[in-house]
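K.L.:
mind folding the following:
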Amino acid sequence: MAKQLFGTDGIRGVAGEYPLDPTTVFAFGLALGGDLTAALESPEVVIGMDTRESGPWIAGLVAGGLAACGVRVRFAGVITTPGVAHLTRTGPFLAGVMISASHNPYQDNGLKVFGHTGFKLPDVEEQAVEREILRIRAEEPEPVSAELEVDETLASTYVDFLASTAGARFDGLRIVTDCGNGASFRLAPELFRGLGADVTTICTAPDGQNINRDCGALHLEPLRAAVLEQHADFGVAFDGDADRAIFVARSGKIVDGDGVLLIAARALARQHRLTQDTVVATVMSNLGLEKALEREGIRMVRTPVGDKYVLEEMVRLGAALGGEQSGHVIFREFATTGDGLLTALRVFETARCAGAGLDELTAGFQVYPQKLVNVRVRERKQLTEIPAVAQEIRQAEEEFAGSGRILVRFSGTEPLARVMVEGPDLDQVERHSRNIAEAIRREMGA
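P.N.:
Numbering: from 1, shown residues only. Sure, this is the predicted structure:
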């Protein structure tokens, strides 16, 4: 049965509106609490949030529902999503809840749940929790909010763990961090400075509404300008919950998740730590990455979009490295989810050990032109069964004749159809992406 509330990355929506209205959020706490207490008497749950203004009231209602079921709650306050995953996996917690909508604007928020394994809940368990949320909500319970006090030791425990994974110090490295006014605004500078780096920070003044606004991993112009102005060795930008990282080289070149996968795969392969010489990526990863890895004798396996699916395939294959072009990179030796801070550590560490910058570390990576167009839709239909859309896709495939890729799919978290076209010629890529997107807009655009 298709899920109504949980998408590919938890429950998302506009804060205050269904499914993130007070009644449903409280019902979520009750449903999750019931699920946990059925497995263990008096379980503990850790809750964290990013910097959105809606985070505190959502956290209070989730905690209120959990407490009503006899669940003990510890509140990490502002922390990254991978921070919550790490604490859940290594602490006494049966589950962890992260309140964030990642790269979305501040009006949105979301609920992500991790089990004690550090993995997001499996689909079967999500469906069971969802059924209970809907049942409870239908009874219209009076939402009860719990008073929460931040346990500062939780974030410190996470930062200490990250620092312990560093195989080199960063003394003398000049780094610019763009924290996107999000969850990493304190943690990233503390981590990198603690390892000796000279850190310049931008976008570290969250006000509840400026998270991701013209900054962070989706808006790299401020970071690039700062790197060039400061003559910095590296720039790194995080999204709102810091589970992804995008980099800027000293030259101003942008290095996304595909570039990071290449850097990390080469380094792990040299150390004989790249299990089965395999990297797991998604259908969005550039053809240029696949070809660069092939030249190194490394196989690339693709999954649907979503770090959840990347991780599932990594576990199935026993792979050590996987990730997404968007900057989610998973190092299975250390984590069960994409972690922007951990990714930055691995990149800086590799660069320091190699005595090289990002330009040198990504040598041989020819990026094929790729165009991504988002179309807001009013409904979801099987896109390839809409004649006008199918015709445009078919024409593009015939013209590419195997030299390009076309991917048309729905977003798992927003009412969007995503059109990705990739090929050797930019004009050709832009023309086909525009034609396919326009066909979708005519047939089902909002």
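K.L.:
now residue 57: closest residue in space, sequence neighbours ignored.
P.N.:
residue 145 (6.9 Å; CB to CB, 6 or more residues apart in numbering). For the C-beta atoms, the positions are set from N, CA and C on the backbone; glycine is no exception.
K.L.:
what sits against the one you found?
P.N.:
By CB atoms under 8 Å, 6 or more residues apart in numbering, residue 145 lies in contact with 57, 60, 61, 63, 64.
K.L.:
so who does the second one touch?
P.N.:
Taking CB under 8 Å, 6+ apart as the definition of contact, the neighbours of residue 60 are 145, 146, 147, 148.
K.L.:
on that earlier part again, narrow the contacts of residue 145 to those that are buried.
P.N.:
Buried members of the contacts of residue 145, counted by 16 or more other CB atoms under 10 Å: 57, 60, 61, 63, 64.
K.L.:
among the residues you listed, which ones are in strands?
P.N.:
In strands, judged by DSSP state E, none of the buried ones among the contacts of residue 145 are found.
K.L.:
so of those, which ones are in helices?
P.N.:
Counting by DSSP state H, the part of the buried ones among the contacts of residue 145 found in helices is 57, 60, 61, 63, 64.
K.L.:
Throw those into TSV and include distance to residue 212 and pLDDT, thanks.
P.N.:
What follows is those, written out as TSV (distance: CB to CB, whole Å; pLDDT from 0 to 100):
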residue	distance to residue 212	pLDDT
57	20	98
60	23	98
61	23	98
63	25	98
64	28	98
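K.L.:
wait, which of those residues is closest to residue 97?
P.N.:
Nearest to residue 97 out of those is residue 63 (CB to CB; 8.8 Å).
K.L.:
find the nearest non-adjacent residue to that closest one, please.
P.N.:
Nearest to residue 63 is residue 146, by CB to CB, 6+ apart, at 3.9 Å.
K.L.:
could you verify that the one you found is part of a strand?
P.N.:
No - counting by DSSP: H, G, I helix; E, B strand; the rest coil, residue 146 is located in no strand; its state is coil.
K.L.:
and the gap between it and residue 33?
P.N.:
Separation of residue 146 from residue 33 (CB to CB, to the nearest Å) stands at 11 Å.
K.L.:
likewise residue 187?
P.N.:
On the measure of CB to CB, residue 187 and residue 33 end up 28 Å apart.
K.L.:
what does residue 162 give?
P.N.:
From residue 162 to residue 33 the distance is 30 Å (CB to CB).
K.L.:
ok, then the element right after the helix or strand harbouring residue 409?
P.N.:
Assigned by DSSP states H and E, residue 409 belongs to strand 405-410. Next along the chain after strand 405-410, taking DSSP H and E as the criterion, comes strand 416-422.
K.L.:
so which elements touch that following strand?
P.N.:
Packing partners of strand 416-422 (3 or more CB pairs under 8 Å, 6 or more residues apart in numbering; DSSP states H and E): strand 370-376, strand 405-410, helix 426-444.
K.L.:
next up, the contacts around residue 301.
P.N.:
278, 279, 280, 281, 313, 317, 319.
K.L.:
same check, this time on residue 35
P.N.:
By CB under 8 Å, 6+ apart, the contact list for residue 35 reads 125, 128, 129, 132.
K.L.:
can you get me a residue count around the first one?
P.N.:
Translated: residue 125. Number of residues near residue 125 (other CB atoms under 10 Å) recorded here: 15.
K.L.:
for it, give me phi and psi.
P.N.:
When quoted as degrees, to the nearest 10, the phi and psi of residue 125 stand at phi -70, psi -40.
K.L.:
same question, the last one
P.N.:
Summarising the backbone geometry of residue 132 under the convention degrees, to the nearest 10, its torsions are phi -70, psi -40.
K.L.:
repeat that for residue 74.
P.N.:
phi -120, psi 140.
K.L.:
what about the closest residue to residue 442 other than its chain neighbours, which helix or strand?
P.N.:
Spatial nearest neighbour of residue 442, chain neighbours left out: residue 388 (6.8 Å); criterion: CB to CB, 6+ apart. Assigned by DSSP H and E, residue 388 falls within helix 387-400.
K.L.:
who's in contact with that helix?
P.N.:
Everything outside helix 387-400 that qualifies as a contact, by CB under 8 Å, 6+ apart, is 383-384, 404, 406, 408, 421, 423, 428, 432, 435-436, 439-440, 442-443.
K.L.:
can you say which of those residues are buried?
P.N.:
Judged by 16+ other CB under 10 Å, buried ones among the contacts of helix 387-400: 383, 404, 406, 408, 421, 423, 428, 432, 435-436, 439-440, 443.
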